[in-house]
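In: Turn this into a model:
(one chain, ligands or ions: 2)
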Amino acid sequence: MLCQCLVNVMPMLCQCDLMNVPWDGFGLTPAFAPVFLYKRAFLKCPLSKRGRRCFVPEERDCIFIFSSVFASACCSQSSLEYEMEVVLIACGSFNPITNMHLRMFELARDHLEDTEKYRVVRGIISPVGDGYRKKGLIEARHRVEMARLATKTSDWIEVDTWESLQPDWVETAKVVRHHFEELKAAQRDEDEDDTVSYGKKRRMEEEYPSINEAKHPKLFLLCGADVLESFGIPNLWKPEDVEELVGHGVVCITRGGSDPEKFVHQSDVLWRHRRGIHLVREWVTNEISATHVRRSLRRGRSVRYLLPDAVVTYVKEERLYSAQSEQKNADVVLAPLARYTDAGPS
Ligand SMILES: Nc1ncnc2c1ncn2[C@@H]1O[C@H](COP(=O)(O)OP(=O)(O)OP(=O)(O)O)[C@@H](O)[C@H]1O
Ligand SMILES: NC(=O)c1ccc[n+]([C@@H]2O[C@H](COP(=O)(O)O)[C@@H](O)[C@H]2O)c1
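Out: Ligands and ions are numbered 1, 2, ... in the order given. Modelled structure (predicted):
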């Protein structure tokens, strides 16, 4: 009887604007909800191995879901919202990682989730490689290790070493592209773990391309206002890279002395993508900067409570940040400037 009911309702359901149905209210990812219901009801699939928030309805659940969905879909489709999964990625020197770097993630998550449009599922810290050649940049292995120690207490922020392990400096747009491809590949693997037949799934995706697009998490670049403003510095960023990054989405945290609103207003590219640029105002202003921390360390001053304790200990044990380390790369040109001008490395 249930099957007959589903056979009757599925074609009707497919004509609804599925993305506007409040699937999350039922604990389902929007794009997968109809697929899950279909699979659970007809094929009795097991739960996904990765433990995604799947719903395993019993008969009475199915009836409840379908009646609720129909009520919602018929009454006010346009007023219904769904949340998009977002992964945040912060690229930077993290020389060393500070409490403010970690705060940026929390601020960004609160801001995005407040809109009720997004659910932030993961944060990635990607320390830049040694090839960036910034003055005072200590070895990537130390910066990565400090970031690992700093994120041990977080259940959603992690460190990724791909960028830091590349032999040459990698443009941020390429780093974001790499991680976006990884997210898409992980999603594909997850789909393949599910036992719904490939053909059926493909047909559904072809028929409803928005399902395919919406099921990939968004990847937003997380940065401070200084990075957003640096988009305008000649020969630092390629215009097409800026276009690509803001096309993905950028979350920008305000920083003393910067005016990101003005900067977005003044840049044609940023203005065009203004809806994808999320400006987050930090009211509890916090001007911790890695430069300031390194200076304090060189002078033998305490940096406790500016950095996580585990990072302070690591810095002491490894004797990082001296007058000598600050001179590293002092005479060389920053990699992006060298790449986009004739300056070249010296
Ligand atoms: N106090 C802060 N407020 C807002 N954003 C910040 C702050 N500190 C760092 N960021 C952001 O964190 C990201 C990584 O920063 P980075 O590692 O370059 O740190 P930094 O403190 O700016 O370093 P440095 O002082 O060496 O230039 C960048 O997007 C930067 O804008
Ligand atoms: N053209 C580019 O892609 C470009 C230019 C300048 C800085 N960046 C990145 O921005 C980040 C900024 O770090 P710093 O603020 O420590 O210089 C780094 O990850 C760096 O790779 C990218």
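
In: buried sites along stretch 311-330?
Out: For stretch 311-330, burial by neighbour count (16 or more other CB atoms under 10 Å) applies to 311-312, 314-315, 320-321, 325-326, 328-329. No exception for glycine: its C-beta is placed from N, CA and C like everyone else's.

In: And the average pLDDT for the longest helix along the chain is what?
Out: Secondary structure of the chain per DSSP state H: the longest helix is helix 172-193. Summarised as a single mean, pLDDT over helix 172-193 is 88.

In: ditto for stretch 256-272
Out: Averaged across stretch 256-272, pLDDT comes to 88.

In: Need the contact partners of that stretch.
Out: Contacts with stretch 256-272, where a contact means CB atoms under 8 Å, 6 or more residues apart in numbering, come from 224-226, 228-229, 231-232, 239, 242-243, 246, 252, 254, 274, 277, 279, 285, 287.

In: Show me just the buried residues among those.
Out: For the contacts of stretch 256-272, buried by 16+ other CB under 10 Å: 224-225, 228-229, 231, 242, 246, 252, 254, 277, 279.

In: nearest to S296, of those residues?
Out: Distance ranking of the buried ones among the contacts of stretch 256-272 against S296, using CB to CB, places G224 first at 19.5 Å.

In: ok, back up a step: present the buried residues of stretch 311-330 as TSV; the columns should include secondary structure, pLDDT and distance to ligand 1.
Out: Output for the buried residues of stretch 311-330, formatted as TSV (DSSP: H, G, I helix; E, B strand; the rest coil; pLDDT from 0 to 100; distance: CB to the nearest ligand atom, whole Å):
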residue	secondary structure	pLDDT	distance to ligand 1
V311	helix	98	13
V312	helix	98	16
Y314	helix	98	16
V315	helix	98	14
L320	coil	97	14
Y321	coil	97	11
S325	helix	97	12
E326	helix	97	11
K328	coil	97	12
N329	coil	97	12
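
In: Just say helix, strand or coil for L222.
Out: Assigned by DSSP: H, G, I helix; E, B strand; the rest coil, the conformation of L222 is strand.

In: Show me what the residue of the stretch 101-250 of the chain found nearest ligand 1 is bridged to.
Out: Scanning the stretch 101-250 of the chain for the residue nearest ligand 1 gives G224, at 2.2 Å (criterion: CB to the nearest ligand atom). According to DSSP bridges, the partner residues bridging G224 are I253.

In: and it, what is it in contact with?
Out: By CB under 8 Å, 6+ apart, the contact list for G224 reads 104, 252-253, 255, 258.

In: for A330, same thing?
Out: By CB under 8 Å, 6+ apart, A330 lies in contact with K135.

In: before we move on, what about L228?
Out: Counting by CB under 8 Å, 6+ apart, L228 touches 250, 252, 258, 260, 263-264, 270, 277.

In: In ChimeraX, how would I pick out whichever of the residues you listed are buried, leaving the exposed ones unselected?
Out: Applying 16+ other CB under 10 Å to those, the buried members can be selected in ChimeraX as follows:
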select :250,252,258,260,263,264,270,277
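
In: among the contacts of G224, which are within reach of ligand 1?
Out: Contacts with ligand 1 are made by 104, 253, 255 out of the contacts of G224, judged by CB under 6 Å from any ligand atom.

In: hang on, the first one is in a helix, isn't it?
Out: In other words, M104. Yes. Counting by three-state DSSP, M104 is found in a helix.

In: who in this protein is up against ligand 2?
Out: So the chain meets ligand 2 at 91-93, 128, 132, 134, 171-173, 227, 236-237, 241, 336 (CB under 6 Å from any ligand atom).

In: go again using 8 Å as the cut-off
Out: Those residues of the chain that sit near ligand 2, judged by CB under 8 Å from any ligand atom, are 91-95, 126-128, 132, 134, 163, 169-175, 223-224, 226-227, 230, 236-238, 241, 290, 334-336, 340.

In: Show me those that map onto helices.
Out: 163, 172-175, 226-227, 230, 241, 290, 335-336, 340.

In: Return the closest of those residues with respect to M146.
Out: Top of the list for closeness to M146, among these and by CB to CB, is A290 at 10.5 Å.

In: Touching, the closest one and T98? I think so.
Out: Yes. With contact defined as CB atoms under 8 Å, A290 reaches T98; the gap is 5.9 Å.

In: How about the secondary structure of L279?
Out: Counting by three-state DSSP, the backbone at L279 sits in strand.

In: Could you pull up phi and psi at the closest residue to I277 other than its chain neighbours?
Out: In space, and not counting its chain neighbours, I277 is closest to V250: 5.0 Å by CB to CB, 6 or more residues apart in numbering. Backbone torsions of V250, given as degrees, to the nearest 10, read phi -130, psi 140.

In: where are the low-confidence patches of the stretch 101-250 of the chain?
Out: For the stretch 101-250 of the chain, the stretches with pLDDT under 70 are 191-215.

In: Can you name the residues of it sitting close to ligand 1?
Out: Near ligand 1, when you scan the stretch 101-250 of the chain using CB under 8 Å from any ligand atom, you find 101, 103-104, 127-128, 134, 136, 222-227.

In: Of these, which is the nearest to ligand 2?
Out: Of all those, ligand 2 sits closest to V128, with 4.1 Å by CB to the nearest ligand atom.
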